[in-house]
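**Q** Using only what follows, build the 3D model:
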Amino acid sequence: MKFVDEFRSNDYSKKLVEKLNNITSEKINIMEVCGTHTMAIFRYGIRDILPSNINLISGPGCPVCVTPQSYIDTALRLSQKKDVIIATFGDMMKVPGKKGTLSKKKAEGADVRIIYSPMDCLMMASRNPFKKIVVLSVGFETTAPMTAVTAIEAKKDNISNLFFFTAHKIVPPVMEVLVQDKELKIDGFLLPGHVCAIIGTKPYEFLSADYNIPGVVTGFEPLDILQGLNTLVRLISKRDYRIRNEYKRIVKAEGNPYALEYLNKAFDIVDSNWRGIGRIPKSGLKFNGEYENFDALKHFKINYKDYDGSPGCKCGEILKGKIKPIDCPLFKKLCTPENPVGSCMVSSEGTCAAYYRYHKDIK
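**A** Have a look, this model is predicted:
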């Protein structure tokens, strides 16, 4: 398949692995920030072929995973309103709240619909004028622009029955929290290609300037990841703390100016709570004054307070990279994809889901 097979060459993969083995013998800890990277690394068996001195740590790069349980519980309450249609991406359906999941509420009669884009809700709103459409807007900078565009278009079309329950988060601030954590020793980052396609590489330069930690932007095919690791390990071994871009076919230093324009038009940057990590300054997005009428919390007059749940779940420690899923006492026992206790087991980008599906010790 043209433009895919080229990035999955066995021969070139072997050459890149051989190069990795010859760069350095020092112990190196690398965090892949993005959940899609975590899943791809497992799917292609990359962990199994890396030199023993290179330790890959999975980070908090899954937006569903870092959304507090209080968000789910509020969405469940909204789904019980007779005049409400909940519109959500599919990976939110099985995230557990205190009283079930959206999937369970749907089975009980709630009007919960899976969408593929927030823009789907413009037509949904026009076709259901006596219903209130509530979009569960969860995601990083990758998906937030589409929420902004949808709200902007809804305002132009005078759509008054469309609302967004937003939990959009910004990635660089959580990375700063991680590098400041004295229990973690991160030598370098594989930076998230999808997020970087929107915001570019400049927002990560603080890693180099303030903390002497290099980072490499890379894509999601095997050769992308192996090339990114080669570049990053070389930077670490040479004490070269630059931010490098190995995903130039997609990512530009300045990011996507059109997407950033929409973000700046519709949102303000605010403090935000991350599941298992806590409240991080300037790490979230909230509708500004011009678009606040689309805010579901404001419309339904909900006094929202963040909290985490799932007693016994170690999702927070896993998201920080402090433990692996197999170290959680619930993993594969009480917590499985069919009966998840925490969000890390639900999402297709979740670290627990990746370990459950691909880890070699899991039968």
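**Q** so how far is the strand ranked longest in the chain from its chain's centroid?
**A** Among all segments of the chain classified by DSSP state E, the strand with the greatest residue count is strand 278-287. Distance of strand 278-287 from the chain centroid (CA atoms, centre = their mean, to the nearest Å) equals 14 Å.
**Q** Residues in contact with that strand: which ones?
**A** By CB atoms under 8 Å, 6 or more residues apart in numbering, the surrounding residues in contact with strand 278-287 are 144, 151, 164, 166-170, 173-174, 177, 263, 266-274, 294-295, 306. Every C-beta, even on glycine, is put in place using the N, C-alpha and C of the backbone.
**Q** just stretch 342-353 next, same as before
**A** For stretch 342-353, contacts defined as CB under 8 Å, 6+ apart pick out 34-36, 38-39, 58, 61-67, 69, 91, 94-96, 275, 310, 313-315, 318-319, 325, 328, 330-331, 335-337, 340, 356.
**Q** tell me which residues in it are buried?
**A** Of the residues in stretch 342-353, Gly342, Ser343, Cys344, Met345, Val346, Ser347, Glu349, Gly350, Thr351, Cys352, Ala353 count as buried by neighbour count, 16 or more other CB atoms under 10 Å.
**Q** Then stretch 93-105?
**A** Within stretch 93-105, the residues that qualify as buried by neighbour count (16+ other CB under 10 Å) are Met93, Lys94, Val95, Pro96, Gly97, Thr101, Leu102, Ser103, Lys104, Lys105.
**Q** Out of the residues you listed, which comes closest to Leu207?
**A** Minimum separation from Leu207 among the buried residues of stretch 93-105 (CB to CB) is found for Val95, which lies at 30.4 Å.
**Q** Could you pull up the residues touching the closest one?
**A** Contact partners of Val95, counting by CB under 8 Å, 6+ apart, are Val64, Thr67, Ile72, Thr101, Leu102, Pro340, Ser343, Val346, Ser347.
**Q** What are the phi and psi values at it?
**A** When quoted as degrees, to the nearest 10, the phi and psi of Val95 stand at phi -70, psi 120.
**Q** re earlier: how far away from the center of its chain is the helix or strand just after the longest strand of the chain?
**A** Sequence-wise, the next helix or strand downstream of strand 278-287 (DSSP states H and E) is helix 296-299. Here helix 296-299 shows a centroid-to-chain-centroid distance of 24 Å under the convention CA atoms, centre = their mean.
**Q** Who are the packing partners of the helix or strand following helix 296-299?
**A** For helix 296-299, the following helix or strand on the C-terminal side (DSSP H and E) is helix 315-319. Under the contact criterion of 3 or more CB pairs under 8 Å, 6 or more residues apart in numbering; DSSP states H and E, the helices and strands touching helix 315-319 comprise helix 351-358.
**Q** what about Pro340, distance to Ser310?
**A** For Pro340, the distance to Ser310 under the criterion CB to CB, to the nearest Å works out to 9 Å.
**Q** what's the overlap in contacts for these two?
**A** Residues within reach of Pro340 and of Ser310 at once, by CB under 8 Å, 6+ apart, are Pro96.
**Q** These two: which has the busier surroundings?
**A** Between Pro340 and Ser310, counted using other CB atoms under 10 Å, Pro340 has the larger neighbour count: 25 against 21.
**Q** what's the top helix by length along the chain packed up against?
**A** Within the chain, and with DSSP state H defining each element, the longest helix by residue count is helix 222-237. Identification of packing neighbours for helix 222-237 by 3+ CB pairs under 8 Å, 6+ apart yields helix 10-21, strand 28-32, helix 35-43, helix 46-49, strand 188-192, strand 215-218, strand 243-245.
**Q** how about the ones you listed in CSV, adding distance to Ser126, mean neighbour count and mean pLDDT?
**A** CSV is the format used below for those (distance: least, CB to CB, whole Å; neighbours: other CB atoms under 10 Å; pLDDT from 0 to 100):
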stretch, distance to Ser126, mean neighbour count, mean pLDDT
helix 10-21, 49, 14, 87
strand 28-32, 41, 22, 96
helix 35-43, 33, 22, 93
helix 46-49, 46, 15, 91
strand 188-192, 35, 27, 97
strand 215-218, 40, 28, 98
strand 243-245, 42, 21, 98
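**Q** Can you tell me which of those is nearest to Ser137?
**A** Closest approach to Ser137 among the helices and strands packed on helix 222-237 is made by helix 35-43 (17.7 Å; CB to CB).
**Q** Run the chain-centre distance for the closest one.
**A** In terms of CA atoms, centre = their mean, the centre of helix 35-43 is set 12 Å apart from its chain centre.
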